[in-house]
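# output the structure for:
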Amino acid sequence: MSAEPETNGSQEILNCHWPAHPAMLVEQEHAVPVRVRVAFARDGECFIEGWAKRWDYSHVLVAIDDPRVESNEIWLKPHDVYRRMPTAQSRNARGARSPDNGPRPRRPSAR
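Reported below is the predicted structural model:
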């Protein structure tokens, strides 16, 4: 039986990872909607929606609204950050359905 998450007060974030020079990463003009994996010290792994504000190849600064996060912003590794899709029918740049939206419909074979 799993316990309810403890949401009263901040918790240590086990997968937080600060870049060596965070001031060098400029805030982007438009934040990107994301879902992030956060490993809390007491509540364990949770997925939370937020906004990616600054990033490079090895770090992403995400703004989230969660009482367990003291500053409402956390630095994470890119493998813990996933883009959110605006709708279930979203398509990527090539017109393919995104993996979140299930398999693509099969074309009838030309026999």
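# for the rest of this, base every contact and every neighbour count on C-alpha atoms.
Fine.
# any idea where the strands of this protein begin and end?
32-40, 44-55, 60-64, 73-76, 81-83 (DSSP state E).
# dump these to a markdown table, plus mean pLDDT.
Compiled in a markdown table, the strands of the chain are given as follows (pLDDT from 0 to 100):
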| stretch | mean pLDDT |
| --- | --- |
| strand 32-40 | 96 |
| strand 44-55 | 96 |
| strand 60-64 | 96 |
| strand 73-76 | 96 |
| strand 81-83 | 96 |
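# nearest to V26, out of those?
Distance to V26, taken as CA to CA, is lowest for strand 44-55 among the strands of the chain, at 6.1 Å.
# relative to strand 60-64, how tilted is that closest one?
120 degrees (axes from the mean of the first three to the mean of the last three CA atoms, to 10 degrees).
# touching, P67 and E12? I think so.
No. If you go by CA atoms under 8 Å, P67 and E12 don't touch, sitting 11.8 Å apart.
# returning to that earlier point: give me whichever of the strands of the chain is most buried.
Among those, ranked by average contacts under mean count of other CA atoms under 10 Å, first place goes to strand 60-64 (a mean of 23).
# ok, that strand: who's next to it in the sheet?
Applying DSSP bridges, strand 60-64 is found paired with strand 44-55 (antiparallel), strand 73-76 (antiparallel).
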